[in-house]
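>>> Give me the fold of what follows.
(2 chains)
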Amino acid sequence: MSAVAALPVAASLGDVAVAPLLLDALVEFLSPTTLAEVLLRGLAEAGLYVMIAAGLTLVFGLMGVLNFAHGSLTMLGAYLGGLALVATVSQSSGPVARLLTFGVALVVAFGALAALGGALEVGLIRPIYDRPPLYQILLTFGLTLMLDELARIVVLFYGLQPTTVWQGVLGTKPAFLAGSVGLAGASVQGLELFQILFGALTVLGVHLFLTRTRYGLFVRAGSEDGEMLSALGVDVRRVFTVVFALGTGIAGAAGVLLAWDPAWGASVPLAAETLLPAFVVVIIGGLGTFRGTVVAALLVGFVDSTMTWWFQNYVDFTGLPEMTIFLILVAMLVVKPQGLYGVSEVGGH
Amino acid sequence: MVLAFAAYPGLYRVLVNSPLSAEFVALLPRVETLVVVLFFALFAMSFDFVSGYTGYLSFGHAAFYGTGAYLVVLAANGVLAFTVPGTGVTLFGPETPFMLLLVLAGVAAAALALAIGSVSFRLSGVYFAMITLGFSQVLYVFVRDWDFVGSAPRDGVAVTGSLEGFEIGVPYVDSLTVSIGQLTGDSVEGLFGFVNLGPTEVSFYAVGAVVLVCYLAMQRLVHSPFGKVMIAIRENEERARAVGYDTYAYKLGAFVISGFFAGVAGALFAGFRRSVTPENGFYFLVAGDALLASIIGGFGTLAGPLYGRLFDEGVREFLSKEGGGGGLLPYLRANLGEGTMATELYNGLTFGEAIDTFLNGHAALYVGLLFVLFVLYVPNGLLGTVRDRLGGRVATVAPAHVRRWLK
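Take a look at the predicted model:
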């Protein structure tokens, strides 16, 4: 693949001497300011990715269900959260009020999506646990089609969206998140720091859930040996429902954060746009391991921010960051099929 | 079944001109839609060939479809022209006969399948689905942003080189070829003294012929010893290996063959549509549509995807926005009258608006709903269920049933 990927690079550079330019680029890339900026942006990306992927990996780790509807649930979260923000934030709201509203929107989206997720698990996924894993992929894929189309109907009907990015939601950000902040000589978007914070909170929260709570114990035990867990008297079905609800809830919360990011925003195609990176992160980390997901999110985040920098400054190829992410996926699966921290047999796959 | 398809255009014209014209226009898919059904069904069959028979979900199958489609358009625009040294024969050029291009598109897709498959088949299950998805998305992003393809690769490319339709038939024998195309193509008048066909009908038969040949070829493979090994791999791969089959080689073989036919399907698609975009060629949801068709029609039945796609396209057209080929909305608008349409249902929402909101162009919702119901309650799909009921393949069992009925 590398030869193919190099093609447009060579084409765009034309007859300019390649070696000195590359050297210049490297020098500029390695300067402390640039490096700090790229690292921070990478950390912010990683924060988003870990929020998007955490729910997916929880659900897969315990139940072995690869949830294709995860992206659609994130998209619903973005709309719900955005709706709550637009409805409550007015021009006169101060930054503190706006942050508080964001918290409320987060809780609303989490609650609503968790309820929806629980209902979906009980109603649709529970009947087919004893079938081959293929059917769970198929079912959740069908669910994606329905959820996306429903969202599209509602959006069209209420005329929510003349443009792809829902501008109103972006306007509800507090001013200090929209501007940039100086940090260690590098200028960073306030929103990026916010995303780093939320990524860290998600990691901490899920880690505490897994290690400190009763259900977390069930999840860890269930992903090792589900039959033994139910033999010990634990109602595995209820654990599944709770974990599925939790996973979709986190997806919804991630959606709210995405609604504030000008690079994402709330839109129906957001479903596919978040689903694919979430898959990539989960697969690279190793299906069903939370530690792997965190490391993979960091890896993908840093690669993404690095490639974005190269694309903006030296390489004339729009798809560079996106393509590199999928290249990492392919390379990882070729070199280490079970992912970074994965075990080869998870959930019967 | 082949006869039913062959008779359809004539039947359609008769029915549309009959007293129940409006109803039939609304209910029946147009002939043009059927052409779309045909070449996409070939793609869905090729997907089913590898996924339904070996059990490996190839989620990046769109890569092969897109390869075939792009190859045809680029060749017609003269971007890819390549002359074989010494012979003067141009491959991938605007002058290359379309039949040859079909085969070349298949070969290119098969070569790509060989490359992707040889790496991917070290994995299984979800991992296999993911790595094929990864490969196809790499290609999708690449094609979307590669300015070699066209000046605005994001919007896709169209055939600009020639206004002529692509010719299906025997190359260099003019009397045995017909042109196909959505905007251009042959029409036949006075065949056998009484048959008149418009460009769409000619395209329908020509595309149908290619699809039929491909289907029969795959059908032959599925019922050969090779196909039996594929099914053995699906049922229990370890046992198949223990019996002594090199399962890796068989899986890869099936994948390459499937890639070939997917490439042909893509080439037909580009030949008929005369344009292709990254979204309808390489995007992973294209493979998702093939999956949809396979599941509704019957996973692991080669002919099933055709019915699945027919159903899918039929519903989509029935609920489509444009009145061009009929559909529910124009029919209701024409026949219900202003009073009914303006009736208020709920909170200022009139009946007309309700139809507009919930039906107009939102077929994906209902197709998705049906898909979920199929996965839950009809896991074998339309054709698979019919076969289960009859206790065998339709063609072999049906005559006996009919005979019993007649007694």
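
>>> CA atoms for contacts and neighbours, from now on please.
Will do.

>>> Kindly list the longest helix within chain A.
helix A:32-63 (DSSP state H).

>>> after that one comes which helix or strand?
Per DSSP states H and E, the first helix or strand lying C-terminal to helix A:32-63 is helix A:70-88.

>>> how about low-confidence regions in the chain?
No chain in the question, so chain A it is. Across chain A, the ranges flagged by pLDDT under 70 are A:1-20, A:159-168, A:171, A:178-179, A:182-186, A:342-349.

>>> meant chain B actually
Scanning chain B for pLDDT under 70 picks out the ranges B:1-30, B:86-88, B:161-163, B:172-177, B:181-197, B:320-361, B:391-399, B:405-407.

>>> Quick one: the strands in it, in order.
B:82-83, B:90-91, B:157-158, B:166-169, B:177-180, B:188-191, B:195-197, B:275-276, B:344-346, B:349-350 (DSSP state E).

>>> One more: the stretch 101-250 of chain A?
For the stretch 101-250 of chain A, the strands defined by DSSP state E, counting those that start in this stretch cover A:180-183, A:186-189.

>>> what comes up buried for the longest helix of chain A?
A:33-34, A:36-63 (16 or more other C-alpha atoms under 10 Å in any protein chain shown).

>>> So what's the residue count around the residue nearest to A:G252 when sequence neighbours are not counted?
Leaving aside its chain neighbours, A:G252 sits nearest to A:G77 (3.8 Å; criterion: C-alpha to C-alpha, 6 or more residues apart in numbering or on different chains). The number of residues packed near A:G77 is 33, by other C-alpha atoms under 10 Å in any protein chain shown.

>>> Against A:L170, how distant is A:G77?
According to C-alpha to C-alpha, to the nearest Å, A:G77 stands 15 Å off from A:L170.

>>> again, but for B:A267
43 Å.

>>> Neighbour count: these two, which is higher?
Between B:A267 and A:L170, counted using other C-alpha under 10 Å, the more crowded position is B:A267 (32 against 20).

>>> if I look at the more buried one, how far off is chain A?
B:A267 sits 23 Å away from chain A, going by C-alpha to the nearest C-alpha, to the nearest Å.

>>> wouldn't that residue be in contact with B:G68 here?
Yes. With contacts counted by C-alpha atoms under 8 Å, B:A267 reaches B:G68, the gap being 4.7 Å.

>>> any common contacting residues for those two?
B:L102, B:A105 (C-alpha atoms under 8 Å, 6 or more residues apart in numbering or on different chains).

>>> Which residues of the stretch 151-300 of chain A lie near chain B?
A:I153, A:L156, A:F157, A:F279, A:I283 (C-alpha under 8 Å from any C-alpha of the partner chain).

>>> just the helices in the stretch 101-250 of chain A please.
Per DSSP state H, counting those that start in this stretch, the stretch 101-250 of chain A carries helices over the ranges A:133-157, A:167-170, A:175-178, A:190-212, A:214-224, A:226-231, A:236-259.

>>> other SSEs contacting the longest one?
Going back to what we said before, that points to helix A:133-157. Packed against helix A:133-157 by the contact rule (3 or more C-alpha pairs under 8 Å, 6 or more residues apart in numbering or on different chains; DSSP states H and E) you find helix A:70-88, helix B:351-358, helix B:363-377.

>>> Taking their axis directions, that helix and helix B:363-377 sit at what angle?
If you take axes from the mean of the first three to the mean of the last three C-alpha atoms, to 10 degrees, helix A:133-157 sits at 150 degrees to helix B:363-377.

>>> in helix A:133-157, what's buried?
A:133-153, A:155.

>>> And for the fifth one?
Within helix A:214-224, the residues that qualify as buried are A:Y215, A:G216, A:F218, A:V219, A:R220, A:G222, A:S223, counting by 16+ other C-alpha under 10 Å.

>>> And for that helix, what's in contact with it?
Contacts for helix A:214-224 (C-alpha under 8 Å, 6+ apart): A:61-63, A:209-211, A:229, A:234, A:236, A:239, A:243, A:346-347.

>>> switch to 10 Å and redo it
The contact list for helix A:214-224 (C-alpha atoms under 10 Å, 6 or more residues apart in numbering or on different chains) reads A:58-64, A:206-211, A:213, A:225-230, A:234-236, A:238-240, A:242-243, A:288-289, A:346-347.

>>> For ChimeraX, write the select line for the buried members of those.
In ChimeraX syntax, the buried subset of these is picked out as below (16+ other C-alpha under 10 Å):
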select /A:58,59,60,61,62,63,64,206,210,226,229,236,239,240,242,243,288,289,346,347
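
>>> Alpha carbons only: can I get stretch A:259-272 in PDB?
Only the C-alpha atoms of stretch A:259-272 are listed here, as PDB (Å, rounded to 0.1, in the frame of the first residue of the first chain):
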ATOM      1  CA  ALA A 259     -21.900  18.500  18.700                       C
ATOM      2  CA  TRP A 260     -19.700  21.300  20.000                       C
ATOM      3  CA  ASP A 261     -16.700  20.400  17.800                       C
ATOM      4  CA  PRO A 262     -16.800  22.300  14.500                       C
ATOM      5  CA  ALA A 263     -15.000  19.400  12.800                       C
ATOM      6  CA  TRP A 264     -17.900  17.000  13.600                       C
ATOM      7  CA  GLY A 265     -21.200  18.700  14.600                       C
ATOM      8  CA  ALA A 266     -24.600  17.000  14.700                       C
ATOM      9  CA  SER A 267     -25.700  15.500  11.400                       C
ATOM     10  CA  VAL A 268     -27.100  12.300  10.200                       C
ATOM     11  CA  PRO A 269     -23.900  11.100   8.400                       C
ATOM     12  CA  LEU A 270     -22.200  11.500  11.800                       C
ATOM     13  CA  ALA A 271     -23.400   7.900  12.400                       C
ATOM     14  CA  ALA A 272     -21.000   6.400   9.800                       C
END
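
>>> buried sites along it?
For stretch A:259-272, using 16+ other C-alpha under 10 Å, the buried residues are A:A259, A:W260, A:D261, A:W264, A:G265, A:A266, A:S267, A:V268, A:L270, A:A271, A:A272.

>>> quick one: stretch A:110-121 near chain B?
No. Remark: stretch A:110-121 sits outside contact range of chain B, by C-alpha under 10 Å from any C-alpha of the partner chain, the gap being at least 11.9 Å.

>>> What residues sit buried inside that stretch?
Buried residues in stretch A:110-121 (16+ other C-alpha under 10 Å): A:F110, A:G111, A:A112, A:L113, A:A114, A:A115, A:L116, A:G117, A:G118, A:L120, A:E121.

>>> Contacts only, for A:G319.
Going by C-alpha under 10 Å, 6+ apart, the list of residues near A:G319 reads A:M307, A:T308, A:F311, B:V138, B:Y140, B:V141, B:F142, B:V143, B:R144, B:D145, B:W146.

>>> just B:G271 next, same as before
B:G271 touches B:69, B:72-73, B:76, B:98, B:101-102, B:159, B:165-168, B:179-182, B:203, B:207, B:265, counting by C-alpha under 10 Å, 6+ apart.

>>> Show me which of those residues are buried.
B:69, B:72-73, B:76, B:98, B:101-102, B:159, B:165-168, B:179-182, B:203, B:207, B:265.

>>> Just to be careful, could you list which of the residues you listed are in helices?
Judged by DSSP H, helices contain the following of those: B:A69, B:V72, B:V73, B:A76, B:F98, B:L101, B:L102, B:S203, B:V207, B:A265.
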